[in-house]
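# below is the sequence, then the predicted model.
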Amino acid sequence: MSDRDPLRQRLCAGLAALSLDLPETAVARLLAYLGLLQRWNAAYNLSAVRDPAEMVTRHLLDSLAVAPYVRGATLADLGSGAGLPGLPLAIAAPQRQVALVDSNGKKARFLRAAVRELGLGNVRVLESRVEAVDGAFDCITARAFTTLADMLAQGGGLLAPDGVWLALKGRFPHDELDALPPGFRVEAVVPLAVPGLDAERHVVVVKRHAND
């Protein structure tokens, strides 16, 4: 337990800076997820970040910084990879049903193991290409796996009529904002302050636009 105390302190300080008041059960699950990611990373190369303290910042806090913008009862995390931001968001809001979508078999295997070991009854893993997923979701997250236009072309049909798409980007994506496919509109581009991270982060908030 003692070796996790600095990680717990870093996580709790970051949560406080983000004004996120999570129960102890959620904090414990977030740290357990980090432990799983560390162990699997050695064989599966799920993340280029190896230092556990940096993982707290770059994975957990970076994911949870978008939590205030997530809404609705259902969430799909497209191109979830190691479960970012979907798994931390699912842990923070266990009442929300979350689908983690990734076509990579090794990553999907890790996600299934994490869901099972963390006891996340609100999470399901879809080993699938985005285009092959069925259903509609109140909120969709996508962590910069391609351009905004390509994201929406592949997965825009999964967004519920009143839903919100949250595209997580680094720098302000000037070149991408005018290239959205018909039927979608950028509502806002919001800078995110991730505690301990000296790098630009933005969330692009996209909604359906019936008049296009």
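Here it is on my side, so go on.
# this protein: helices as residue ranges?
Counting by DSSP state H, the chain has these helices, from start to end: 5-17, 24-44, 52-55, 62-64, 86-92, 105-118, 148-155.
# in a markdown table: the ones you listed, plus distance to residue 189.
The way it works is simple: take the backbone N, C-alpha and C, and place the C-beta from them, glycine included. Shown next, in a markdown table, are the helices of the chain (distance: least, Cβ to Cβ, whole Å):
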| stretch | distance to residue 189 |
| --- | --- |
| helix 5-17 | 22 |
| helix 24-44 | 27 |
| helix 52-55 | 26 |
| helix 62-64 | 17 |
| helix 86-92 | 20 |
| helix 105-118 | 28 |
| helix 148-155 | 10 |
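# looking at those, which is nearest to residue 180?
Closest of those to residue 180 is helix 148-155, at 6.0 Å (criterion: Cβ to Cβ).
# list the contacts for residue 180?
Contact analysis of residue 180 by Cβ atoms under 8 Å, 6 or more residues apart in numbering lists 148, 149, 152, 186, 206.
# out of these, which is most surrounded?
residue 206 (26 neighbours; other Cβ atoms under 10 Å).
# give the closest residue to it in space, chain neighbours not counted.
residue 165 (4.0 Å; Cβ to Cβ, 6 or more residues apart in numbering).
# low-confidence regions, the protein specifically.
When residues are selected by pLDDT under 70, those of the chain lie in 1-4, 144-145, 211-212.
# could you identify the longest strand within it?
For the chain, the longest strand by residue count, based on DSSP state E, is strand 159-169.
# okay, now the sheet partners of that one, with direction.
Paired with strand 159-169 in the same sheet, following DSSP bridges, are strand 137-142 (parallel), strand 202-208 (antiparallel).
# got those strands as a markdown table, with distance to residue 181 columns?
As requested, the strands paired with strand 159-169 are exported to a markdown table (distance: least, Cβ to Cβ, whole Å):
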| stretch | distance to residue 181 |
| --- | --- |
| strand 137-142 | 14 |
| strand 202-208 | 10 |
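# need the winner for burial among those strands.
Of all the strands paired with strand 159-169, strand 137-142 has the most neighbours on average by mean count of other Cβ atoms under 10 Å, namely a mean of 25.
# how far does it sit from its chain's centre?
Taking Cα atoms, centre = their mean, to the nearest Å, one finds strand 137-142 lying 10 Å from the centre of the chain it belongs to.
# what angle do helix 148-155 and that strand make with each other?
130 degrees (axes from the mean of the first three to the mean of the last three Cα atoms, to 10 degrees).
# run through who's touching strand 137-142.
66, 70-79, 85-86, 89, 99, 151, 155, 158-160, 162-168.
# show the buried residues in those residues.
Buried members of the contacts of strand 137-142, counted by 16 or more other Cβ atoms under 10 Å: 66, 70, 74-79, 85-86, 89, 99, 151, 155, 158-160, 163-168.
# for the most centrally placed residue in the chain, give its distance to residue 7.
Note on the chain: the residue nearest the mean C-alpha position is residue 85, at 1.6 Å, using Cα atoms, centre = their mean. According to Cβ to Cβ, to the nearest Å, residue 85 and residue 7 sit 18 Å apart.
# go on, residue 61?
Distance from residue 61 to residue 7, by Cβ to Cβ: 12 Å.
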